[in-house]
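Asks: got a sequence here, can you build the structure:
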Amino acid sequence: MKITEVRAFPVGVALDEPLQWGAMKVEVKGGILVRVSTDEGVEGIGEAGFSAEYFATVGPIINDQLGPMLVGRDPLDIAAIWQDMLDATHMWGRRGIETYAVSGIDIALWDILGKVAEQPVYRLLGAAKSKVKAYYAPSLKPTAEIVDESVAAVSQGFRAMKLRNGPSIAGGVDMVARVREAVGPDIDIMVDGNMAFDRRQALTLAREFEQLDVLWLEEPILSRSLTQYVDDNRWLADRVSLKLAGGESLLTRFEYLDLLRLKVFDVLQPDCTSVGGISEAKRVADMASAWNLWCVPHIACSSGTGVALAAGLHLILSCENAPMIEFDAYGGPGWDGLLAEPLTSTEGYVHASDAPGLGIEFNDGAFDKYTLTGARFAG
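Replies: So this is what the prediction gives:
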């Protein structure tokens, strides 16, 4: 079997009402899909990066640089192809936007391997479980709306949720307190700080959240360098008892070394679509396990294609130290008609499927219907 083509294209749908993820506003839900074709008719699908907005930079790397160099290669040689792609991008910075491109291709290769082996990817990785607890993740909205959404999520079966904290410490504490009162003591609540604070503000926030039984505080400190990221979050970790989570923006396992050595975070959050694909996310998860840390992969709610969610699910099902999965609260093209059978949450859990590969199937004509065009998606 040989690779005949590697193509990336942006898919998405415009939102009637923008969603707010901290400082990031999302007006289009979608992502960059990667399709790897072979001479035997087997195709693999992956997703590159957090959003379709990145296509102007990520798309050309896949379509004009990495894709052509893979034509003629055996798609089952995943480790060799991964290393060759990393080596080919060495002079660009090695761990930047190009790693998104590597990630999308790698995920598609795992999809092919599963289809050829007639096995779901999580079994090829080494199945650890057949279902995982899902947590609901509402966007940053007025507190009353977040409370209403949280109560509705519990009524739908969710037993965990991750709230987003705005730039106000008092406002964030009030939001979490009101949600905690509304949903009761038995629901896990996590909070994403969205890197909105310096370390002393983060300490004040964390101590308030300790009193509200918050399970973890995610990415509270604004960091401009990896050194600052490690030092400031370690400083915070030494002063609070609640778990700290982070690592969603780190690329390849090499950027996690100091986080592990110094036990900066209790929960590591590599994203399959950016860290280097399923291959590299699995390596990070196994490294975390060796240090008795949780791995709860980041899954971008700005996407909504369902492909990144599927990749994250297969990774999580293969990891004994991955207790939860982030579940998209607002759908997107994957649930609007792009996918024939998008993933769902049942009584607060996402279950494994025996479908081969990632288990992704597209509706007829879906690519044409949901592919984005225009200057902002040129690549």
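Asks: so when I look at G30, I'm seeing a helix, right?
Replies: No. Under DSSP: H, G, I helix; E, B strand; the rest coil, G30 falls outside any helix and is assigned strand.
Asks: tell me who's in contact with it.
Replies: 10-13, 51-52, 303-305, 332-333, 370, 372 (CB atoms under 8 Å, 6 or more residues apart in numbering). Every residue, glycine included, has its C-beta placed from N, CA and C.
Asks: show only the entries of these found in helices.
Replies: Counting by DSSP state H, the contacts of G30 place P333, Y370 in helices.
Asks: in TSV: the contacts of G30, plus pLDDT.
Replies: Shown next, in TSV, are the contacts of G30 (pLDDT from 0 to 100):
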residue	pLDDT
P10	97
V11	97
G12	95
V13	93
S51	92
A52	93
S303	91
G304	93
T305	96
G332	92
P333	94
Y370	95
L372	93
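Asks: save the contacts of G30 as a markdown table, and put in distance to T99 and neighbour count too.
Replies: Below are these laid out as a markdown table (distance: CB to CB, whole Å; neighbours: other CB atoms under 10 Å):
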| residue | distance to T99 | neighbour count |
| --- | --- | --- |
| P10 | 18 | 28 |
| V11 | 21 | 29 |
| G12 | 22 | 28 |
| V13 | 26 | 21 |
| S51 | 15 | 23 |
| A52 | 18 | 32 |
| S303 | 17 | 28 |
| G304 | 22 | 32 |
| T305 | 19 | 30 |
| G332 | 23 | 27 |
| P333 | 24 | 28 |
| Y370 | 25 | 24 |
| L372 | 22 | 19 |
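Asks: among the contacts of G30, which one lies nearest to D258?
Replies: S51 (27.6 Å; CB to CB).
Asks: pretty sure that closest one is touching T305, no?
Replies: No. Between S51 and T305 there is no contact, the gap being 10.2 Å when judged by CB atoms under 8 Å.
Asks: which residues are in contact with both of the two?
Replies: Contacts common to S51 and T305, judged by CB under 8 Å, 6+ apart, are G30, G31.
Asks: where exactly do the strands run in this structure?
Replies: Ranges of strands in the chain, per DSSP state E, are 3-21, 24-38, 43-47, 131-136, 160-164, 188-192, 216-218, 243-246, 267-268, 294-295, 324-327, 349-351.
Asks: dump these to CSV, plus distance to L70.
Replies: Formatted as CSV, the strands of the chain follow (distance: least, CB to CB, whole Å):
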stretch, distance to L70
strand 3-21, 5
strand 24-38, 8
strand 43-47, 12
strand 131-136, 32
strand 160-164, 36
strand 188-192, 36
strand 216-218, 35
strand 243-246, 32
strand 267-268, 29
strand 294-295, 28
strand 324-327, 30
strand 349-351, 31
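Asks: looking at the ones you listed, which is nearest to V121?
Replies: Of all those, strand 43-47 sits nearest to V121, with 10.3 Å by CB to CB.
Asks: show me what the closest one is in contact with.
Replies: Contacts for strand 43-47 (CB under 8 Å, 6+ apart): 31-37, 75, 103-112, 115, 273, 277, 303, 305, 307-308, 311, 357-358, 360, 362.
Asks: repeat for stretch 205-217
Replies: 160, 165, 169, 172-173, 176-177, 180, 185, 188-191, 193, 197, 202, 220, 236, 239-245, 266-267.
Asks: for the spatially most central residue of the chain, give me its contacts.
Replies: Compute the mean C-alpha point of the chain, and by CA atoms, centre = their mean the closest residue is I299, 2.1 Å away. Residues near I299 by CB under 8 Å, 6+ apart: D271, A308, L309, G312, I325, E326, D328.
Asks: the fourth one contacts C295, correct?
Replies: No. Taking contacts as CB under 8 Å, G312 lies outside contact range of C295: 10.7 Å.
Asks: the more surrounded of those two?
Replies: Counted by other CB atoms under 10 Å, G312 and C295 do not tie: G312 has more neighbours, with 29 against 24.
Asks: which residues touch that one?
Replies: If you count contacts by CB under 8 Å, 6+ apart, G312 has them with D271, C272, P297, I299, I325, E326.
Asks: compare the residues you listed and tell me which is most surrounded.
Replies: That'd be C272 among the contacts of G312, by other CB under 10 Å, with 32 neighbours.
Asks: what's near enough to touch that residue?
Replies: Counted by CB under 8 Å, 6+ apart, C272 has contacts S103, I107, I278, A281, P297, A308, A311, G312, L315.
Asks: A79 contacts G277, correct?
Replies: No. Between A79 and G277 there is no contact, the gap being 11.0 Å when judged by CB under 8 Å.
Asks: of those two, which one has the most company?
Replies: Neighbour tally, A79 and G277, criterion other CB under 10 Å: the higher count belongs to G277, 30 against 10.
Asks: ok, that one to V132 distance?
Replies: Going from G277 to V132 by CB to CB, to the nearest Å gives 20 Å.
Asks: ditto for L251
Replies: To V132, L251 is 24 Å away according to CB to CB.
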